[in-house]
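# Kindly return the folded structure for what I paste below:
(chains A and B)
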Amino acid sequence: MAYPPAAHPSPPRQPSVKVILTAADVSRVVDRIAHQILEKTQGAADTVLLGIPTRGAPLARRLAARISTFEDIVVPVGVLDITLYRDDLRRNATRAVGPTQLPPGGIDGQRVVLVDDVLFSGRTVRAALDALGDVGRPASVQLAVLVDRGHRQLPIRADYVGKNIPTALAESVRVTLAETDGADEVRLYGEALPS
Amino acid sequence: MIRHLLSGADLDAAAATQILDTAAEMATVAGREVKKLPALRGRTVVNLFYEDSTRTRISFEAAAKRLSADVINFSAKGSSVAKGESLKDTALTLQAMGADAVVVRHPASGAPHRLADWVAGSVVNAGDGTHEHPTQALLDAYTMRSRLGRLAGLRVAVVGDVLHSRVARSNVLLLSTLGAKVTLVGPPTLIPVDIAAALAPGTDVSYDLDVVLPDVDVVMMLRVQRERMNDSYFPSAREYARRYGLDGPRMRRLPEHAIVMHPGPMNRGMEITPEVADSPRSTIVEQVANGVSVRMAVLYLLLGGNKL
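As a prediction, this is how the structure comes out:
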């Protein structure tokens, strides 16, 4: 898989923060993933994009918008909330449940591309696969992520990766998007952040 | 989130809204192929019913099962309670069995509050005496919000036997928290003096249904509880029906958008006529369906986390 040239190293604001992707980088990466999805799915035929909240949802909408710009086709987009399928529910305070919106045509027999911002332990994706099984029976499932930071705890890999970032376990990757946080950026923090 | 749900007053506006929002997501499960979520796998919910109830018990049972919890149904009839076991001993038995939540209905007002001191899990009040029934108030609020789009500023008339009604008490508490304006309507014998001020300031009382009807968005008819009507609260059932029953002509005096609610079971011909109960304004069947979603939300929010 081809990756874009490394992001311009921008000067760190604090010693422990590094910008991995700037707004322009994020936009290029989304364009590339949109092209890759078109390539690997024969023009996005019978394909549905499902974003995992919070930031997977706007990413899925952006990918669909780019695909329709490139090829003039409409790809159904939805949101798949995985809160009730998490394996750490009882380790934390009760989590708020988010909305799940499936495209009107449903996902039966479709090629579903799950979209999330960061791929880390793989547990979110496992929960998403469980949730998918309860809302329909897709023909196949693929995974697109903006950032893969490694440290998988489950046998899960992404089909489309925006950027691979080698990290230490103690570090944190924080993605911000214009839709949810006001601006596009991916940063690497030197220490754990409160989630 | 709170640990127990005993009263409509346990919830502030944010917590109540969170339950209603969560219920809206839970409602989508009913339309899916697999009507089940794994959120409460391995948790045990005990339905402890000291009073006869069909819809509330089934509703809680369906809610717990849709969240994959294990459900144990315990009804007082034909159990150790019939042999004289006290509520406390029953509670300790449930405790020993590892109940994560106890859903309790009891003829004595306040029984769930006592129970909450005795068990380690969460206690959900499913109706205690003539006191409270908070999940009914939540499902009523959910139904109003989904039909009328909002709760703040709604004008709600609660009509009938307020004196004995746990549904009325919980509704007044919850609806006023959520910004609705409640008017209690009924014969003076069935509306306790000063109840409005005691429950929620801003609540009105009226003894004349016909005056209230043109200005409300919601009419909630309460069941005339025949089993509690042995003290001559009103001269006859026919007189009650004529003054406080909702019939076709009265319904047509309501504003165009207004809805008619009833917590069930109905006495057709007493507090509500079949024409009204079966009209498109009536939300009675919807309320039952919404009950499952709201109770799923309550069980998830009480049991989903790590507070046990």
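# only C-alpha atoms for contact and neighbour calcs from this point on.
Fine.
# list the helices and strands the helix or strand hosting B:Leu115 packs on?
Assigned by DSSP states H and E, B:Leu115 belongs to helix B:111-118. Counting contacts by 3 or more C-alpha pairs under 8 Å, 6 or more residues apart in numbering or on different chains; DSSP states H and E, helix B:111-118 packs against helix B:87-96, strand B:101-106, strand B:122-128.
# taking those together, which one is wrapped up most tightly?
strand B:122-128 (a mean of 27; mean count of other C-alpha atoms under 10 Å in any protein chain shown).
# helices or strands next to that strand in the packing?
strand B:101-106, helix B:111-118, helix B:134-148.
# In CSV: these, plus mean pLDDT.
Listed next are the helices and strands packed on strand B:122-128 as CSV, based on pLDDT from 0 to 100:
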stretch, mean pLDDT
strand B:101-106, 95
helix B:111-118, 94
helix B:134-148, 97
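# which of these is buried the deepest?
Mean neighbour counts for the helices and strands packed on strand B:122-128 (mean count of other C-alpha under 10 Å) peak at strand B:101-106, with a mean of 25.
# Any chance you could list what contacts that one?
Contacts of strand B:101-106 with the rest of the structure, by C-alpha atoms under 8 Å, 6 or more residues apart in numbering or on different chains, involve B:44-51, B:60, B:112, B:121-129, B:303.
# Retrieve the pLDDT associated with the closest residue to chain A within chain B.
With C-alpha to the nearest C-alpha as the measure, B:Gly305 is the residue of chain B nearest to chain A, at 3.9 Å. B:Gly305 is assigned 84 on the pLDDT scale.
# ok, it - contacts?
Residues counted as contacts of B:Gly305 (C-alpha under 8 Å, 6+ apart) are A:Leu89, A:Arg90, A:Arg91, A:Asn92, A:Ala93, A:Thr94, A:Arg95.
# A:Val113 too?
By C-alpha under 8 Å, 6+ apart, the contact list for A:Val113 reads A:Thr47, A:Val48, A:Leu49, A:Leu50, A:Val141, A:Gln142, A:Leu143, A:Ala144.
# one step back: could you check the angle helix B:87-96 makes with the helix holding B:Leu115?
With axes from the mean of the first three to the mean of the last three C-alpha atoms, to 10 degrees defining the directions, helix B:111-118 sits at 50 degrees from helix B:87-96.
# Show residues contacting helix B:111-118.
Outside helix B:111-118, the residues that reach it (C-alpha under 8 Å, 6+ apart) are B:4, B:6, B:87-88, B:91-92, B:104-106, B:122-125, B:128.
# Also stretch B:47-63?
B:71-77, B:102-107, B:126, B:288, B:291-293, B:295-296, B:299.
# The residue in chain A that chain B sits nearest to: neighbour count?
Residue nearest to chain B within chain A: A:Thr94 (3.9 Å; C-alpha to the nearest C-alpha). Neighbour count of A:Thr94, defined by other C-alpha atoms under 10 Å in any protein chain shown: 18.
# Disregarding residues adjacent in the polypeptide, which is nearest to the residue nearest the centre of chain A?
Geometric centre of chain A, nearest residue: A:Asp116, 1.7 Å, by C-alpha atoms, centre = their mean. Leaving out its chain neighbours, the residue that sits closest to A:Asp116 by C-alpha to C-alpha, 6 or more residues apart in numbering or on different chains is A:Gly56, at 4.0 Å.
# Show me which residues of chain A are close to chain B?
A:84-86, A:89-100, A:134-136 (C-alpha under 8 Å from any C-alpha of the partner chain).
# Next, the contact list for A:Glu171, please.
A:Leu188, A:Tyr189, A:Gly190, A:Glu191, A:Ala192 are the contacts of A:Glu171 under C-alpha under 8 Å, 6+ apart.
# that older thread, surely the residue nearest to A:Asp116 touches A:Val125?
No: between A:Gly56 and A:Val125 there is no contact under C-alpha atoms under 8 Å: 11.5 Å.
# can you give me the strands in chain B?
With DSSP state E applied, chain B shows strands at B:44-49, B:70-75, B:101-106, B:122-128, B:155-159, B:181-185, B:204-206, B:218-221, B:259-261, listed in chain order.
# can I get the CA coordinates of the longest one in PDB?
Only the C-alpha atoms of strand B:122-128 are listed here, as PDB (Å, rounded to 0.1, in the frame of the first residue of the first chain):
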ATOM      1  CA  SER B 122     -29.900  -1.300  42.500                       C
ATOM      2  CA  VAL B 123     -33.500  -1.000  43.500                       C
ATOM      3  CA  VAL B 124     -36.100   0.100  40.900                       C
ATOM      4  CA  ASN B 125     -39.500   1.100  42.200                       C
ATOM      5  CA  ALA B 126     -42.200  -0.500  40.000                       C
ATOM      6  CA  GLY B 127     -45.000   1.000  42.000                       C
ATOM      7  CA  ASP B 128     -45.300   1.200  45.800                       C
END
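# and the angle from that strand to helix B:111-118?
160 degrees.
# before we move on, back to that, looking at the residue nearest to A:Asp116 now. What's its pLDDT?
96.
# Burial check on it, number of neighbours?
With other C-alpha under 10 Å as criterion, A:Gly56 counts 24.
# cool, and B:Glu85?
Quick note: B:Glu85 (other C-alpha under 10 Å) scores 12 neighbours.
# lowest-confidence stretch among the helices and strands packed on helix B:111-118?
helix B:87-96 (a mean of 89).
# got the CA coordinates for it in CSV?
Provided in CSV are the C-alpha atoms of helix B:87-96 (Å, rounded to 0.1, in the frame of the first residue of the first chain):
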residue,chain,number,x,y,z
LEU,B,87,-39.6,-8.3,53.1
LYS,B,88,-36.2,-8.0,54.8
ASP,B,89,-35.7,-11.8,54.8
THR,B,90,-36.8,-12.0,51.2
ALA,B,91,-34.3,-9.2,50.4
LEU,B,92,-31.5,-11.0,52.1
THR,B,93,-32.3,-14.2,50.1
LEU,B,94,-32.2,-12.2,46.9
GLN,B,95,-28.9,-10.7,48.0
ALA,B,96,-27.4,-14.1,48.6
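# Many thanks, I have nothing further to ask.
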